[in-house]
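3D, please:
(one chain, ligands or ions: 1)
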Amino acid sequence: MEEAAFREADVVVLGGGPAGSTCASALAACGFSVILAERRLSGGDKLCGGCLSAKTLRLLAEELDLSAAALAAEGLLEAVSERFAFAYGLGDSFEERIDPPLHFVHRGRYDAFLRERSRRLGVVVTEATALHVDPSSGTVRLAGGGFLRGRFLVGADGTQGPSRKPLAAVLPEDNRRPSAFALQAVIPRPAWPEGPDHPFLFWNIPPGGYGWLFPGRTRLLAGLGGEGKPSSWSRYPALLRDLLRRVGAPPPTPGTFRGAFVPLAGERRKGSLQIPSGKERLLLVGDAAGFVHPVTGEGVFYAHLSGLCAARSIAAALTERANPLERYETSLAGMHAEFARTTRAKCWLHLPLGPLGKSLFRAAFRLGGASFVRAVHWGAPFIPEE
Ligand SMILES: Cc1cc2nc3c(=O)[nH]c(=O)nc-3n(C[C@H](O)[C@H](O)[C@H](O)COP(=O)(O)OP(=O)(O)OC[C@H]3O[C@@H](n4cnc5c(N)ncnc54)[C@H](O)[C@@H]3O)c2cc1C
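This next block holds a predicted model:
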C-alpha cells in the first residue's frame with residue numbers, strides 16, 4: 001500500500017484568511033519554512049462587511065508595510081467614508097463625521113492578495129482541507145489523504161475549522177459553538193446606483209446586536225448580527241428584509257442572504273470562559289481563537305494582530321526555545337483587557353428600551369457615542385513592540 005504523503009515545515013498554518021496570511025508572512029520573513037493550507041484558494045467573495053477601522057489601517061501600514069494607497073492601487077478598496085449614519089432600531093438616523101475615515105475592502109480580493117503576498121515571501125501556499133489537528137505531535141490530517149507536520153501549528157481556520165476543536169473540548173457541550181450569528185445580503189451597485197456612499201448602523205436590530213449598510217463601488221452590503229439563542233436567529237431574514245425596505249434598497253433576489261457564526265470574545269454562557277488560545281504545539285489566531293470585538297463584531301484587526309503576535313512568539317520559540325504560548329498570551333494582554341472592558345459595558349448598550357428610552361439613547365449617543373465609536377475605531381495602542 002502506498003504511504004500517505006507527509007509534508008513538513010517549521011510551521012504549518014491552517015487557513016488563509018487575514019490571521020493565517022499575516023502569521024505565515026511574518027514567519028517566512030524571519031527565514032522559517034512555512035506551509036499555509038487553505039481549503040479554497042480561488043473563487044468569489046468572503047462573507048464579511050469588509051469594514052476596516054483606523055487601527056487596522058495603522059497596523060497594515062506599520063507592520064505589513066501596506067498603505068491605504070497600496071490597497072487602492074491593488075483594486076481592493078470598495079469605499080472610503082468620512083461619515084456614518086446612526087439609527088436606534090429602524091427609527092430616524094443622524095449623521096456623524098468620522099476621522100480618520102472608515103475603509104471598506106472586498107474581502108475575497110483582500111484575502112487573495114494577502115495570500116499572494118505570503119507566497120512571494122516564501123510561504124508554500126497549498127490548497128488543502130485540514131480534517132484533524134493533533135496539538136501534541138504537530139500533525140494535521142488532510143482531506144483526501146496526506147499529512148502536514150510542523151514544529152508548531154497555527155490554527156487560523158475560522159469558527160468552523162478543526163483547529164478549534166481540541167481546545168473547545170474543555171468547555172461544556174453547549175458552549176462549544178459561538179453564541180452570535182450574522183446574516184448578510186449583497187446588492188450589486190448596478191441594481192442600486194443611487195444607494196448611499198457612506199455606512200449606516202442600526203442599533204439593536206436585531207435585539208442584542210446591530211444592523212449595517214456598507215457602501216461600495218461594485219456592491220453594497222446589508223447585514224445584521226447579534227447574540228442570542230439559535231431560535232432567535234430564524235427571525236434574521238425577516239429583519240434583514242425590513243432593514244432593506246427601510247433604506248429603500250431593491251428587494252433582495254433569492255439566495256443573496258448568507259449567514260455565519262461570529263465568535264464574539266468574552267462569551268460567558270453559563271459562566272464558562274472562552275476557549276484557551278493554544279495547547280502544546282498549537283496556537284489559535286483570529287476567529288479560531290474567538291478574537292472578535294464583543295460589541296462591534298470587528299474581527300479583521302484582531303485577526304491581523306493575533307497572527308502577528310503568534311508569529312513573533314513562535315519565532316522566539318524556534319530560536320530561543322521560549323514557551324510560545326506564554327509569550328503569545330502576554331502579547332495579547334492589551335486586547336484581552338479591551339475585550340473585558342467592552343464585555344462589561346455590553347449589557348447596558350443592549351437594554352430593551354421603550355420610546356422614551358430610545359430617544360434618550362439617541363441623545364446620549366449624540367453626546368458620547370461618537371467618542372465610543374472613535375475609541376473602537378482608533379483603538380488603544382496595544383500593538384506590541386517586537
Ligand atoms: C457577516 C459578517 C460580517 C463581518 N463584517 C466584518 C467587518 O466589516 N469588519 C471586520 O473587521 N470584521 C467583520 N467580520 C468578522 C471577520 O470577517 C472575521 O473576524 C475575520 O474574517 C477573521 O479572520 P480569520 O483569518 O481569523 O478567519 P477567516 O477569515 O474566517 O479565515 C479562515 C480561513 O480558513 C479556511 N478554512 C476553514 N476551514 C479550513 C480547513 N478545514 N482547512 C483549511 N482551511 C480552512 C477558510 O476557507 C478561510 O479562508 C464579519 C463577520 C461576518 C460573519
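
tell me if residue 62 really is in a helix.
Yes: counting by DSSP: H, G, I helix; E, B strand; the rest coil, residue 62 is located in a helix.

count of neighbours near residue 116?
14 (other CB atoms under 10 Å). To be clear about C-beta, it is placed using only N, CA and C from the backbone, and glycine gets the same treatment.

check which helices and strands the helix or strand hosting it sits against.
According to DSSP states H and E, residue 116 maps onto helix 107-120. In this structure, helix 107-120 makes packing contacts with helix 18-29, strand 34-38, strand 124-127, judged by 3 or more CB pairs under 8 Å, 6 or more residues apart in numbering; DSSP states H and E.

of all these, which lies closest to the ligand?
helix 18-29 (3.4 Å; CB to the nearest ligand atom).

that closest one near the ligand at all?
Yes: using CB under 6 Å from any ligand atom, helix 18-29 reaches the ligand at 18-20.

in stretch 156-171, which residues are buried?
Buried residues in stretch 156-171, counted by 16 or more other CB atoms under 10 Å: 156-159, 161-164, 166-168, 171.

which members of these additionally contact the ligand?
156-158, 161-162.

what's opposite residue 11 in the beta bridge?
For residue 11, the beta-bridge partners are residue 34, residue 152 (DSSP bridges).

which elements pack onto the longest helix that the chain contains?
When the chain is parsed with DSSP state H, its longest helix is helix 300-320. Under the contact criterion of 3+ CB pairs under 8 Å, 6+ apart, helix 300-320 touches strand 6-14, helix 18-29, strand 51-52, helix 54-63, strand 147-155, strand 282-284, helix 324-331, helix 333-349.

ok, residues contacting the shortest one?
With contact meaning CB atoms under 8 Å, 6 or more residues apart in numbering, strand 51-52 is reached by 60, 102-105, 199, 212, 214, 298, 300-301.

show the pLDDT at residue 51.
Confidence at residue 51, expressed as pLDDT, is 97.

which strand residues bridge it?
Counting by DSSP bridges, residue 51 forms beta bridges with residue 104.

run a quick neighbour tally on it.
Neighbours of residue 51 using other CB under 10 Å come to 24.

how close does it sit to the ligand?
3 Å (CB to the nearest ligand atom, to the nearest Å).

again, but for residue 155
Relative to the ligand, and taking CB to the nearest ligand atom, residue 155 is found at 9 Å.

excluding covalently adjacent residues, which one is nearest to that residue?
With CB to CB, 6 or more residues apart in numbering as the criterion, residue 155 has its nearest non-adjacent residue at 2.4 Å, and that residue is residue 163.

quick check: pLDDT value at the one you found.
95.

can you check the one 4 residues further on too?
At residue 167, the predicted lDDT confidence score is 84.

pick out the most distant pair among the contacts of strand 51-52.
60 and 212 (21.7 Å; CB to CB).

at the contact with the ligand, which residues of the stretch 201-350 of the chain appear?
For the stretch 201-350 of the chain, the contact set with the ligand under CB under 6 Å from any ligand atom comprises 223, 260, 262, 286-287, 292, 297-301, 303.

ok, now the stretch 1-150 of the chain?
Residues of the stretch 1-150 of the chain lying near the ligand (CB under 6 Å from any ligand atom): 14-20, 37-40, 47-51, 129-130.

can I get the buried part of the residues you listed as one ChimeraX selection?
Of those, the buried ones go into a single ChimeraX selection, burial set by 16+ other CB under 10 Å:
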select :14,15,16,17,18,19,20,37,38,39,47,48,49,50,51,130
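
rewinding a little: out of the helices and strands packed on helix 107-120, which is the most enclosed?
helix 18-29 (a mean of 29; mean count of other CB atoms under 10 Å).

counting by contacts, list what that helix packs against.
On a contact count with 3+ CB pairs under 8 Å, 6+ apart, helix 18-29 meets strand 6-14, strand 34-38, helix 107-120, strand 147-155, helix 300-320.
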